[in-house]
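Undergrad: Predicted model follows, preceded by the sequence.
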Protein chains: 2
Amino acid sequence: MYRSHNCGELRETHIDQKVTLSGWVQKTRDKGFVNWVDLRDRYGITQLVFDEDRTSSKLIAQARDLGREFVVQVKGMVIERASKNPKMPTGNIEVLVEELTVLNKSKTPPFTIEDETDGGEDLRMKYRYLDIRRNPVKNNLIFRSKVTMEVRKYLSSEGFIEVETPYLIKSTPEGARDFVVPSRMNEGQFYALPQSPQTFKQLLMVGGLDKYFQIVKCFRDEDLRADRQPEFTQIDCEMAFVEQEDILDAFEGLTKHLLREINGVEIEKFPRMTYDEAMEKYGNDKPDIRFGMEFGELNAVAQHKDFNVFNSAELVVGMAVPGANSYTRKEIDQLIDWVRRPQIGAKGMVYVRCNEDGSYKSSVDKFYNQEDLAKWAETTGANKGDLICVLSGEANKTRTQLSALRMELAERLGLRKPDEFAPLWVIDFPLLELEEETGHYHAMHHPFTSPKPGQLELLETDPGAVRANAYDLVLNGNEIGGGSIRIHDKETQGIMFRHLGFTPEEAKAQFGFLMDAFQYGAPPHGGIAFGLDRLVAILGGQETIRDFIAFPKNNSGRDVMIDAPAPIDGEQLKELHLKLDIPPN
Amino acid sequence: MYRSHNCGELRETHIDQKVTLSGWVQKTRDKGFVNWVDLRDRYGITQLVFDEDRTSSKLIAQARDLGREFVVQVKGMVIERASKNPKMPTGNIEVLVEELTVLNKSKTPPFTIEDETDGGEDLRMKYRYLDIRRNPVKNNLIFRSKVTMEVRKYLSSEGFIEVETPYLIKSTPEGARDFVVPSRMNEGQFYALPQSPQTFKQLLMVGGLDKYFQIVKCFRDEDLRADRQPEFTQIDCEMAFVEQEDILDAFEGLTKHLLREINGVEIEKFPRMTYDEAMEKYGNDKPDIRFGMEFGELNAVAQHKDFNVFNSAELVVGMAVPGANSYTRKEIDQLIDWVRRPQIGAKGMVYVRCNEDGSYKSSVDKFYNQEDLAKWAETTGANKGDLICVLSGEANKTRTQLSALRMELAERLGLRKPDEFAPLWVIDFPLLELEEETGHYHAMHHPFTSPKPGQLELLETDPGAVRANAYDLVLNGNEIGGGSIRIHDKETQGIMFRHLGFTPEEAKAQFGFLMDAFQYGAPPHGGIAFGLDRLVAILGGQETIRDFIAFPKNNSGRDVMIDAPAPIDGEQLKELHLKLDIPPN
């Protein structure tokens, strides 16, 4: 038996007990007549003591030979500490060592195994197994495990069945590119890895399973953006005989459960907002509503004066930044530079200082008097002490620019508090999105999303105006989940495929099995999928999803630790050649 | 709202309530003046009633148009049934329909949606979404979900952390062939799909996670045997600072928990048996011990008489088949034919009838007298009324043949009861296995398995004799789990690799990252992996794992429903060519 207790559990109640501990040497301190060793395992740190009065000189010599991260087993007596450490759960005791066994030596680790390490990210990725020994990473992995367990507990208690769907499937384009997997048993043929279990969960609804969920890996062979993995995890859910309201209800329940059990936060009822409203108020379909700074449209009060920049703009829109009247001229100039950066793309920014005495001072005083500016303040909800920032131009672009500025300022003002949680349902998404390059519409959510009742006809006349039974769950400015009520009849699906530019042959080739299934009594159904990686990070109050993944890949999709992907070897290449029907070199 | 209740929950307490139900038309009965419709959903069946006295003629006409598997919504009143059906949970009531909406029509399904269907396996696979509507399949999927939930509950409560390990990894040969996955972002390079998360779970132990588990898909690109899937699910577990005893303890706990919660069976302490003992007693390293029929070695009492077949055999071995003295001569001849089939390969079979009067009648009475046969009976533990079956020949082959006969007879005698559970630990497996074709040894379990203490030296002199810290958990004659204590130091691992025929370069190329990790303080560790598919089937008292998988593949690795794997398309081929550095055609 390697241990009687772990390194986190000994207390004063254990004093005078003989114990056996195993763990890693965190650090050693040699004071000449007394040696201390901090022994660490997953559960905590226990101080070991060796001293000239009570420990054999042989044992002390052994202790002096210990290096950082050596793996040792000790037997000894729990004793009261002379100088207690109230910051450590085990800080009232120490173990007087009577026997020491080195279970494994360690080379000096390339970075310190401390909460604040001296290792850069590349080094920490290469030695991920050492990084995991650090509390922040270890605790994140434990946190993720706790979140998934709570998800499962809640959904099971609500009658959801977890069903494993296949990973080796047929390629069904869903916007991103599939990873392909050649099959040895079926030469010249390929599986694809799923981008999501979408079609399978719909088949399960056709199969009458009624309430399905799965925590499942999904795959996209795409260029990675920062912090986006080629393999990612989804909480995938689907229900039959439901309308949008039933889904929002069920998964508001799940999210409340997680906030309660994981974060100790009680939230009554999640607010809802249409997509159009979110775009108008925040310029963003996933607004962070932990803070205000709602947009005010200023066309009515700012146009038709002599300021041509505004007069020629499709949209003039502003927001009140709380307390930012205190910004210096230099700080404001920096803000203007910030919005003019190519990534944001605004031409400039007009601002109004709302002074404490009720007066206004703007960058366009030449064109607007105090009365005009008072109307701006009213429209943007600005108070004394605020700064109103105004952008103008093409409507959609301008909103996006102001949204970026809003997030940037909220960050600077400390309004994005990681321990505050503001969920929001965004509903009534557009069904279709115009692809500007091709002039084609494509499904905003996916091709099975149903239009709002009675809007099918609009598809012919004004496709961009059709709204869908589609919803996103937003948490603190991040889309954590999204879904829709599906089309469950073959006719509507046929119309949709036509509008998405599929010929009947293409639709049949790609989705034929689903359309076939719909002929055998598909029930009304809908669902939602949560991005687990992001959800966990947000619940954990952090930004980087990678820190919650045991073995993440870097931005090139590489696992640097194990050197994957690796060059294909001769044997594999030969087999692939055969499968591809290419004569081997 | 599609329903106020589901189709399984209405009882007499609901009488006189207005309800809304949705589901599938299971069947309709038209008696002229009254129509009944059985409405089915996941939760049960509720009888709907339409009759001339109380239902509008328009509604009756609608009901008459309903076909099997139509999806309908009804509103109506719960009433007491005239003739109750005590076999149905809802059998005391019916719903008098006031409103009927057809939510979706259905083509006539290609097989009946009944517990006993008229559909053959191929048809059921092709229309798996209809097969899932049938109770046996649906209940199996629900059962599987319950098993995985109980696994997670138990392991979490024991402090295990579920960690997701990557699916896109580096190829690490583990006996079977990897699926390879070309990477678009890294041209000419390939990921592999994991055959198991073995190396990652060991890295997690190096990382100090202490107790890990994961329910995880694994992949093997191999010819499929019956009922073996190219993707399968494992309960994968690993613990640090453990000896074999700790692992057996922990996972005996898990298995007891499952037997208790899932099957209501309480089992005190699992018996243990060494590999050598299992081979001697049952000719099999995964013996079914729900019944006896242990082997008796008869060399001492059957050789050196005049029966040359036995005299020239390496092994003469028999077993007593309980009550089989009643077999007719014809039945015994059939048994002899059975063991002589090429799949079994015995040359013949000697038998002894143990008569009720205490006398013996054998097929070799010419060579053996009553006293001789009494010794055989003693050695095999035969009682009056039994039949002793004896095989002879090369020791290993003969044991395997008798083992096959033992299982066949147990099946025929009804001794393999699906609701009886007999777990067994088989321990002390050989470390290495001789590959007869090449004369090379390879790891029986996997290359990280540690030899028993003190046996490292034997590797040089008698590799086949070295026993490993390796164990299997056997349930009802099936290996449901297997694992080992791992090698945690680089030196021993180096010796092992050498004996497994890896050059240092090969070992470094394939396992370098693990060996590197071991230099930074790897703790002693070990683990186990359970084949979830088989475990679920056995707990469910069934033979076929496929029946517990939502979308299984057939014996060619094909999902016939979605037609996967599918021929690679032009675009994919072009990309692969580029990646493979082959000029496109």
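TA: It's in.

Undergrad: what's around residue A:157, how many residues?
TA: Neighbour count of residue A:157, defined by other Cβ atoms under 10 Å in any protein chain shown: 9. Every residue, glycine included, has its C-beta placed from N, CA and C.

Undergrad: er, residue A:115 actually
TA: Per other Cβ under 10 Å, the neighbour tally for residue A:115 reads 10.

Undergrad: Residue A:201 now?
TA: Residue A:201: 25 surrounding residues under other Cβ under 10 Å.

Undergrad: Same question for the one 10 residues further on.
TA: Residues within reach of residue A:211, counting by other Cβ under 10 Å, total 20.

Undergrad: Which residue, neighbours along the chain excluded, lies closest to it?
TA: Sequence neighbours aside, residue A:160 is the residue nearest to residue A:211 in space, at 4.4 Å (criterion: Cβ to Cβ, 6 or more residues apart in numbering or on different chains).

Undergrad: Quick one, grab the pLDDT at that neighbour.
TA: Looking at residue A:160, its pLDDT stands at 98.

Undergrad: ok, now residue A:31?
TA: On pLDDT, residue A:31 comes in at 88.

Undergrad: quick one: it from residue B:396, how far?
TA: Note on residue A:31: its distance to residue B:396, by Cβ to Cβ, to the nearest Å, is 64 Å.

Undergrad: ok, now residue A:133?
TA: As defined by Cβ to Cβ, residue A:133 lies at a distance of 46 Å from residue B:396.

Undergrad: of the two, who's got more company?
TA: In this view residue A:133 and residue B:396 are compared by other Cβ under 10 Å, and residue A:133 has more residues nearby, 24 against 12.

Undergrad: Do I have it right that the more buried one meets residue A:24?
TA: Yes: contact criterion Cβ atoms under 8 Å: residue A:133 and residue A:24 qualify, at 7.1 Å.

Undergrad: who touches both of the two?
TA: Common contacts of residue A:133 and residue A:24 (Cβ atoms under 8 Å, 6 or more residues apart in numbering or on different chains): A:40, A:69, A:113, B:208.

Undergrad: Filter the residues you listed down to the ones in strands?
TA: Mapping these onto strands (DSSP state E) picks out residue A:40.

Undergrad: List only buried entries from the shared contacts of residue A:133 and residue A:24.
TA: Buried by 16 or more other Cβ atoms under 10 Å in any protein chain shown: A:40, A:69, A:113, B:208, out of these.

Undergrad: Now do the buried residues in the longest helix anywhere in chain A.
TA: Among the segments of chain A that qualify as a helix by DSSP state H, the longest is helix A:135-157. The neighbour-count check on helix A:135-157 (16+ other Cβ under 10 Å) flags A:137-138, A:140-141, A:143-156 as buried.

Undergrad: Please spell out which residues along the host helix or strand of residue A:249 are buried.
TA: Secondary structure from DSSP states H and E places residue A:249 in helix A:244-263. Across helix A:244-263, burial judged by 16+ other Cβ under 10 Å covers A:244, A:246-248, A:250-252, A:254-259, A:261-263.

Undergrad: Redo the buried ones among the shared contacts of residue A:133 and residue A:24 as a markdown table? Include pLDDT and distance to residue A:348.
TA: Output for those, formatted as a markdown table (pLDDT from 0 to 100; distance: Cβ to Cβ, whole Å):
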| residue | pLDDT | distance to residue A:348 |
| --- | --- | --- |
| A:40 | 98 | 56 |
| A:69 | 98 | 56 |
| A:113 | 96 | 50 |
| B:208 | 98 | 54 |
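
Undergrad: ok, back up a step: and which of the buried residues of helix A:244-263 is nearest to chain B?
TA: residue A:246 (7.3 Å; Cβ to the nearest Cβ).

Undergrad: Check the secondary structure at residue A:551 for me.
TA: Three-state call for residue A:551 (DSSP: H, G, I helix; E, B strand; the rest coil): coil.

Undergrad: pLDDT score for whichever residue of the stretch 201-350 of chain A sits closest to chain B?
TA: Taking Cβ to the nearest Cβ, chain B has its nearest neighbour within the stretch 201-350 of chain A at residue A:207, 3.2 Å off. With respect to pLDDT, residue A:207 scores 98.

Undergrad: how deep is residue A:67 tucked in, by neighbour count?
TA: Residues contacting residue A:67 under the criterion other Cβ under 10 Å number 14.

Undergrad: residues touching the closest residue to residue A:307 other than its chain neighbours, list them.
TA: Leaving aside its chain neighbours, residue A:307 sits nearest to residue A:367 (4.0 Å; criterion: Cβ to Cβ, 6+ apart). Contact partners of residue A:367, counting by Cβ under 8 Å, 6+ apart, are A:305, A:306, A:307.

Undergrad: among those residues, who's most crowded?
TA: Neighbour-wise, the contacts of residue A:367 (other Cβ under 10 Å) top out at residue A:307, 18 neighbours.

Undergrad: Could you pull out the buried residues of stretch A:529-542?
TA: Within stretch A:529-542, the residues scored as buried using 16+ other Cβ under 10 Å are A:529-540, A:542.

Undergrad: What of stretch A:338-352?
TA: Result for stretch A:338-352 [16+ other Cβ under 10 Å]: buried residues A:338, A:339, A:344, A:346, A:349, A:350, A:351, A:352.

Undergrad: how about the residues you listed, which pair is most distant?
TA: Spanning the widest gap among the buried residues of stretch A:338-352 are A:344 and A:352, at 20.0 Å by Cβ to Cβ.

Undergrad: Distance from the chain centre to the helix or strand encompassing residue A:61, please.
TA: Here residue A:61 sits within helix A:57-64, counting by DSSP H and E. From the chain centre to the centre of helix A:57-64 is a distance of 49 Å (Cα atoms, centre = their mean, to the nearest Å).

Undergrad: Let me see the mean pLDDT of stretch A:334-344.
TA: In this model, stretch A:334-344 has a mean pLDDT of 96.

Undergrad: actually stretch A:241-248, not the one I wrote
TA: Mean predicted lDDT for stretch A:241-248 stands at 97.

Undergrad: Same question for stretch A:388-399.
TA: For stretch A:388-399, the mean per-residue pLDDT is 97.

Undergrad: Mind giving me the packing neighbours of the helix or strand hosting residue A:506?
TA: Residue A:506 is part of helix A:504-518 when elements are defined by DSSP H and E. Using 3 or more Cβ pairs under 8 Å, 6 or more residues apart in numbering or on different chains; DSSP states H and E, the elements in contact with helix A:504-518 are helix A:198-206, helix A:490-499.

Undergrad: ranking those helices by burial, who's on top?
TA: Across the helices and strands packed on helix A:504-518, averaging neighbours per residue (mean count of other Cβ atoms under 10 Å in any protein chain shown) puts helix A:198-206 on top, at a mean of 25.

Undergrad: relative orientation of that one and helix A:504-518 in degrees?
TA: 30 degrees (axes from the mean of the first three to the mean of the last three Cα atoms, to 10 degrees).

Undergrad: pull the CA atoms of helix A:198-206 into CSV?
TA: What follows is helix A:198-206, C-alpha atoms only, in CSV (Å, rounded to 0.1, in the frame of the first residue of the first chain):
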residue,chain,number,x,y,z
GLN,A,198,-27.0,16.8,-36.0
THR,A,199,-28.5,14.2,-38.4
PHE,A,200,-28.2,11.4,-36.0
LYS,A,201,-30.0,13.2,-33.2
GLN,A,202,-32.8,14.0,-35.7
LEU,A,203,-32.9,10.3,-36.6
LEU,A,204,-33.2,9.5,-32.9
MET,A,205,-36.2,11.8,-32.7
VAL,A,206,-37.7,10.0,-35.7
